[in-house]
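J.: No sequence on hand, only this structure:
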């Protein structure tokens, strides 16, 4: 897949696509959890990782670049977010560029699609191995070469990651990222160029999705709208498109231009 921006999901919707009251982490939020998956995850299963200031939420900077705001955030919500991150910090968000205040720099926007796997075919893979903190350097190197989207030193803490090794080297992987209540996002799906065309990505997607199903969640994922090959692959595996999305890369106020 092509590199996604510092985020990696309706283009016309604001950052944080579903209204969420400013309630305690872990409490239920109205609307469909996938309409604002970052906020749903940070209020739900990933609440233990959430940093919060007023209406704004974010993951630790070395876990994920994602931040989240309520639906149609007002000026105060954006100020909450600016105070939650360091001046000039680049973060990822989901929403419409029209909602971004003038003091926030819109670094990049990427049209994408959200796919749900309620009918995806799953199954374990005998060659897949569990990846953990000790594998992070290899995982980061594989992501650097293949550009599936952001992976940071502690991203592995978000869920279960599986890989396939050949002659000891990590050549393919896939894992879990966002976890809105009842759902788990599949992410970091990538294969080294020298091992493409062997179906490794499909096998790992099915294996990770099998683990998601075992704990009672439904798999979903995001990808760039231009990545028609990946979309076709996911649809062949049983995923279906739910909606179009827009990924935003934003720079917080106060860091100076280009910083």
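T.: Everything's here; your move. Just so we're clear, the structure is a prediction, and the values are computed from it rather than from any experiment. Numbers count the residues shown, from 1 in each chain.
J.: any idea where the strands of the stretch 101-250 of the chain begin and end?
T.: Along the stretch 101-250 of the chain, counting by DSSP state E, counting those that start in this stretch, strands occupy 105-116, 129-131, 161-166, 169-176, 183-191, 218-224, 240-251.
J.: Can you add mean neighbour count and mean pLDDT and give those back as TSV?
T.: (Glycine included, C-beta is placed from N, CA and C.) Supplementary listing: these in TSV, determined by neighbours: other Cβ atoms under 10 Å; pLDDT from 0 to 100:
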stretch	mean neighbour count	mean pLDDT
strand 105-116	18	97
strand 129-131	15	98
strand 161-166	21	98
strand 169-176	23	98
strand 183-191	25	97
strand 218-224	24	97
strand 240-251	20	96
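J.: Let me have those in a markdown table, adding distance to residue 210 as columns.
T.: As requested, those are exported to a markdown table (distance: least, Cβ to Cβ, whole Å):
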| stretch | distance to residue 210 |
| --- | --- |
| strand 105-116 | 16 |
| strand 129-131 | 13 |
| strand 161-166 | 10 |
| strand 169-176 | 11 |
| strand 183-191 | 11 |
| strand 218-224 | 9 |
| strand 240-251 | 18 |
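J.: quick one: which of the ones you listed is nearest residue 66?
T.: Using Cβ to Cβ as the criterion, the shortest distance between residue 66 and the strands of the stretch 101-250 of the chain is 9.9 Å, found for strand 240-251.
J.: now the angle from that closest one to strand 218-224?
T.: Relative orientation of strand 240-251 and strand 218-224, computed by axes from the mean of the first three to the mean of the last three Cα atoms, to 10 degrees: 60 degrees.
J.: how distant is strand 240-251 from the center of its chain?
T.: In terms of Cα atoms, centre = their mean, to the nearest Å, the gap separating the centre of strand 240-251 from the centre of its chain is 10 Å.
J.: And it, what does it pack against?
T.: For strand 240-251, the packing partners by 3 or more Cβ pairs under 8 Å, 6 or more residues apart in numbering; DSSP states H and E come out as strand 90-94, strand 105-116, strand 218-224.
J.: Go again with 7 Å.
T.: The criterion is 3 or more Cβ pairs under 7 Å, 6 or more residues apart in numbering; DSSP states H and E, and the helices and strands that strand 240-251 contacts are strand 90-94, strand 105-116.
J.: Quick check: closest non-adjacent residue to residue 158.
T.: Closest residue to residue 158 apart from its sequence neighbours, by Cβ to Cβ, 6 or more residues apart in numbering: residue 177 at 5.3 Å.
J.: residues touching that neighbour, list them.
T.: Contact analysis of residue 177 by Cβ atoms under 7 Å, 6 or more residues apart in numbering lists 158, 159, 185, 187.
J.: Give me the buried positions along the one helix or strand residue 81 maps to.
T.: Taking DSSP states H and E as the criterion, residue 81 maps to helix 75-84. For helix 75-84, the neighbour count (16 or more other Cβ atoms under 10 Å) marks 77, 78, 79, 80, 81, 82, 84 as buried.
J.: Equivalent analysis for stretch 88-101, please.
T.: Residues of stretch 88-101 classed as buried: 89, 90, 91, 92, 93, 94, 95, 96, 99, 100 (neighbour count, 16+ other Cβ under 10 Å).
J.: Would you check that the fourth one makes contact with residue 68?
T.: No: in terms of Cβ atoms under 7 Å, residue 92 does not count as a neighbour of residue 68; the distance is 10.0 Å.
J.: show me what contacts residue 250?
T.: Under the criterion of Cβ under 7 Å, 6+ apart, the contact list for residue 250 reads 91, 93, 100, 104, 105, 106, 107.
J.: Pull the contacting residues for the fifth one.
T.: If I follow you right, that is residue 105. Residue 105 sits next to 250, 251 when contact means Cβ under 7 Å, 6+ apart.
J.: Residue 73 versus that one, what's the distance?
T.: Applying Cβ to Cβ, to the nearest Å, the value for residue 105 to residue 73 is 17 Å.
J.: Next: residue 238.
T.: Counting by Cβ to Cβ, the gap from residue 238 to residue 73 is 35 Å.
J.: Of the two, which one has the most company?
T.: Neighbours around residue 238 and residue 73, counted as other Cβ atoms under 10 Å, are more numerous at residue 73. The numbers are 21 against 18.
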